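Trainee: this is a predicted model, with the sequence first.
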Amino acid sequence: MVAAALAAPLSSEQQVSSVVTDHAALAPLYVLAVTAVLVLVAELFLTGSTGRRWRAWCVPSIAGMGVSTAAMVALTATGGIKRSSFCVSGGTLHSGVGVDVACSYVTSNVTTALTVAVCAITLLVLGLSAPLLAASQTPVGEYCFLLLCSLLGAVILFGARDLLTLLVATEALTLPLYVLMAMGRARRGISSAATFFAVSVVSTAISLLGASLLYAVVGVIHFEQLATVLTQRPDDVDVPVLYAAMVLVLGGLLFKVAAVPFHGWAPGSYDAAPLPIVAYLTTISKVGGLVAVLLVVVAALGSYLGQFAAVLAMIAAASMTVGNLAALRQARLGRLLAWSSIAQLGYVLAPLGALYAMAPDGVPSEQTREDVSRLLAGGLGYLGFYVVITVALFGAVVLARLPHDDAGRLADLHGLARRRPWLCAAILFGLAGLAGLPPAFAGLFAKLAVLRGLIDAGVIWLAVLVAVNAVIGLAVYGRVALACFSPGAAEATGKADSGVSPATETNPAQVKQVNRVTRSASATVAGATVLLSTALVVAVGFAPQLLLHRCEQIAESLAALL
């Protein structure tokens, strides 16, 4: 959006400013922005003992209605129709290259599908947050406000079509998470949030430096115009500064998704943050970061697709291997799931990395675009399955812990199979999905789609590495399953089981609090959310084509940008 005024490289007689605002395209953003303000205002009126008692229900309810409305508005106002805003007309650059009209914000059926998906995930996260907000120790208004602001950044990111809008939207997605991450009870949550903040600021600075260098060399920042210049006049812009700029932009975005070697901030942040925020961080934040990477690599830098795909292949291999091997050594569940998410990211990036086989010398030909689309669909399909399974798994972990607790140690799960068998079954179901085992067929189909795409592309070495890491992943998730069936401290000593984790049995006040919370309606809401998300995993497992078909449509739209 802010890029609409940066058309200086066009000569004055050929440049015609065409800043257009399509309010229908921006309608979901308006709804989310108004809802974010409403939750803060509503909290101001809920004062006194009665107001505080209803605050934990009214404010999240307003947030949930606003998110649902934004999804419905996206379906009705932008669904199936391509709309553009903040456009600049085409012309001839001083270098002699002609460029077409370009817009900073574009919506289509693809952005509508992504918007509806992240709104649905946010509703599930709000449901999982019910016990945390009902404990009266978390500022409800600020919590919902920050969550909505982050969601707003994600929705803007999906429609961004220039570098500045993309980077601003990416930062809007991650900035509220710094504060949300520090809302946990553990003091180390503040240090982890500070680490995340420092790393994110550095990564944003790196991306902005790369964008500025790219603008200095090429003269435009809109994706369509960048692709045109890099394709038509490669000899004029093929300089070391250009490569440095592209590497800086891509490297800064890979920090956001915690890909190896840009992953150092993730384990500590996942371990200390409140569990619903970790669920949000591992789903919507990763979806936003990966969409940003795809937009840059495919839409803007498609002429260099072969080179960047080879880099992504190396990063995918490193992420899979390092993530799984490091997860084997973790004693804390939060850190284990953090390393697991890094490994899962490697599976998502693997089909994207295989694109170097489709276009070894640059942009793929017309004959290979279908193969490119198939590989992109495999990566996006795995991402979709992973997001659905992760929400269900973290929901079960939320119910297994106290409202303000982090994920805790693996030893805290001891005896869970006997104390709470249905909750243990939900955790095991989520683990089976991540491992790609029945009965969670969603994870199995996701891994098969990735392997098929890699084999069809002829990238056998990467397919073998995916298979080997899938076997290592069985050992990682097997450790969590074994902890659930291990005897708890009360069982080992012959004492009565209180129904809470051994780590919390020594504090009577916390035991009293968790008993009160788990009997309340907040626990019922969280439990219903877990059931809903688990049912969704079952549904996509038995009907995977519902998700894969939508991913294929998104992949075709991305491949058309080459």
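Mentor: Noted; the coordinates are in hand.
Trainee: quick one: low-confidence ranges for the stretch 51-200 of the chain?
Mentor: Low-confidence segments of the stretch 51-200 of the chain (pLDDT under 70): 51-53, 78-80, 93-96, 98, 136, 184-189.
Trainee: ok, which stretches of the stretch 451-562 of the chain are helices?
Mentor: Under the criterion DSSP state H, counting those that start in this stretch, helices of the stretch 451-562 of the chain are mapped to 460-485, 489-493, 508-519, 521-542, 545-559.
Trainee: my error: substitute the stretch 51-200 of the chain in the last question.
Mentor: For the stretch 51-200 of the chain, helices defined by DSSP H, counting those that start in this stretch occupy the ranges 109-128, 130-134, 140-159, 163-181, 188-218.
Trainee: try the stretch 301-450 of the chain
Mentor: Counting by DSSP H, counting those that start in this stretch, the segments of the stretch 301-450 of the chain that form helices are 305-327, 333-353, 355-358, 369-399, 416-419, 421-435, 441-457.
Trainee: buried stuff in the longest one?
Mentor: Of the residues in helix 369-399, those scored as buried under the neighbour-count criterion (16 or more other CB atoms under 10 Å) are 369, 371-399. Using the backbone N, CA and C atoms, a C-beta is placed for each residue, glycine as well.
Trainee: OK, contacts around the residue nearest to Trp339 when sequence neighbours are not counted?
Mentor: Distances taken as CB to CB, 6 or more residues apart in numbering place Ala327 nearest to Trp339, at 3.8 Å, with adjacent residues excluded. By CB atoms under 8 Å, 6 or more residues apart in numbering, the contact set of Ala327 is Leu336, Trp339, Ser340, Ala343, Val476.
Trainee: show the contacting residues for the nearest residue in space to the fourth one that is not next to it in sequence.
Mentor: If the residues on either side of it in the chain are set aside, Ala343 comes closest to Gly323, at 3.0 Å by CB to CB, 6+ apart. Listed by CB under 8 Å, 6+ apart, the contact set of Gly323 reads Val260, His263, Trp339, Ser340, Ser341, Ile342, Ala343, Gln344, Leu345, Gly346.
Trainee: name the nearest residue to the second one, ignoring sequence neighbours.
Mentor: Once its chain neighbours are removed from consideration, His263 has its nearest residue in Ile342; the separation is 5.2 Å (CB to CB, 6+ apart).
Trainee: what is the burial count for that neighbour?
Mentor: Ile342 has 25 neighbours, counted by other CB atoms under 10 Å.
Trainee: low-confidence stretches in the stretch 451-562 of the chain?
Mentor: 488-520, 561-562.
Trainee: and the contacts of stretch 428-441?
Mentor: 340, 344, 385-386, 389-390, 392-394, 396, 442-444, 446-447, 470, 473-474, 477, 480-481, 484, 534, 537, 541-542, 544.
Trainee: buried stuff in stretch 411-419?
Mentor: Of all the residues in stretch 411-419, those buried under the rule 16+ other CB under 10 Å are Ala411, Asp412, Leu413, His414, Gly415, Leu416, Ala417, Arg419.
Trainee: so can I have TSV of those showing pLDDT?
Mentor: Output for the buried residues of stretch 411-419, formatted as TSV (pLDDT from 0 to 100):
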residue	pLDDT
Ala411	87
Asp412	86
Leu413	87
His414	88
Gly415	86
Leu416	88
Ala417	87
Arg419	87
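Trainee: could I get those as a markdown table with distance to Tyr243?
Mentor: Shown next, in a markdown table, are those (distance: CB to CB, whole Å):
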| residue | distance to Tyr243 |
| --- | --- |
| Ala411 | 49 |
| Asp412 | 48 |
| Leu413 | 48 |
| His414 | 52 |
| Gly415 | 56 |
| Leu416 | 52 |
| Ala417 | 54 |
| Arg419 | 57 |
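Trainee: isn't Ser150 up against Val179?
Mentor: No - contact criterion CB atoms under 8 Å: Ser150 and Val179 do not qualify, at 10.0 Å.
Trainee: could you report the neighbour count for Thr112?
Mentor: By other CB under 10 Å, neighbour count at Thr112 equals 23.
Trainee: any idea how far it is from Phe158?
Mentor: For Thr112, the distance to Phe158 (CB to CB, to the nearest Å) stands at 9 Å.
Trainee: equivalent analysis for Thr195, please.
Mentor: For Thr195, the distance to Phe158 (CB to CB) stands at 28 Å.
Trainee: next: Ile221.
Mentor: From Ile221 to Phe158 the distance is 18 Å (CB to CB).
Trainee: with adjacent residues omitted, what lies nearest to Val293?
Mentor: In space, Val293 is closest to Leu253, 5.2 Å off (CB to CB, 6+ apart).
Trainee: the residue minimising distance to the centre of the chain: what's it in contact with?
Mentor: In the chain, the residue lying closest to the centroid (CA atoms, centre = their mean) is Lys286, at 2.3 Å. Neighbour list for Lys286: Val257, Ser341, Leu345, Leu383, Val387 [criterion: CB under 8 Å, 6+ apart].
Trainee: where's it, which helix or strand?
Mentor: Taking DSSP states H and E as the definition, one finds Lys286 inside helix 275-294.
Trainee: what angle sits between that helix and helix 521-542?
Mentor: Per axes from the mean of the first three to the mean of the last three CA atoms, to 10 degrees, the angle that helix 275-294 makes with helix 521-542 is 40 degrees.
Trainee: what angle sits between helix 275-294 and helix 140-159?
Mentor: Using the same axes, to 10 degrees: helix 275-294 against helix 140-159 is 20 degrees.
Trainee: pull helix 275-294 out as PDB, backbone CA atoms only.
Mentor: Provided in PDB are the C-alpha atoms of helix 275-294 (Å, rounded to 0.1, in the frame of the first residue of the first chain):
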ATOM      1  CA  LEU A 275       0.000 -22.700  25.100                       C
ATOM      2  CA  PRO A 276      -2.800 -21.100  23.000                       C
ATOM      3  CA  ILE A 277      -0.200 -18.500  21.700                       C
ATOM      4  CA  VAL A 278       2.200 -21.300  20.800                       C
ATOM      5  CA  ALA A 279      -0.600 -22.900  18.800                       C
ATOM      6  CA  TYR A 280      -1.200 -19.600  17.000                       C
ATOM      7  CA  LEU A 281       2.600 -19.200  16.500                       C
ATOM      8  CA  THR A 282       3.000 -22.600  15.000                       C
ATOM      9  CA  THR A 283       0.000 -22.200  12.600                       C
ATOM     10  CA  ILE A 284      -0.900 -18.800  11.400                       C
ATOM     11  CA  SER A 285       2.500 -17.300  11.900                       C
ATOM     12  CA  LYS A 286       4.100 -20.100   9.800                       C
ATOM     13  CA  VAL A 287       1.400 -19.800   7.200                       C
ATOM     14  CA  GLY A 288       2.000 -16.100   6.800                       C
ATOM     15  CA  GLY A 289       5.800 -16.500   6.700                       C
ATOM     16  CA  LEU A 290       5.600 -19.200   4.000                       C
ATOM     17  CA  VAL A 291       3.100 -17.300   1.900                       C
ATOM     18  CA  ALA A 292       5.500 -14.300   2.000                       C
ATOM     19  CA  VAL A 293       8.400 -16.600   0.900                       C
ATOM     20  CA  LEU A 294       6.300 -17.900  -2.000                       C
END
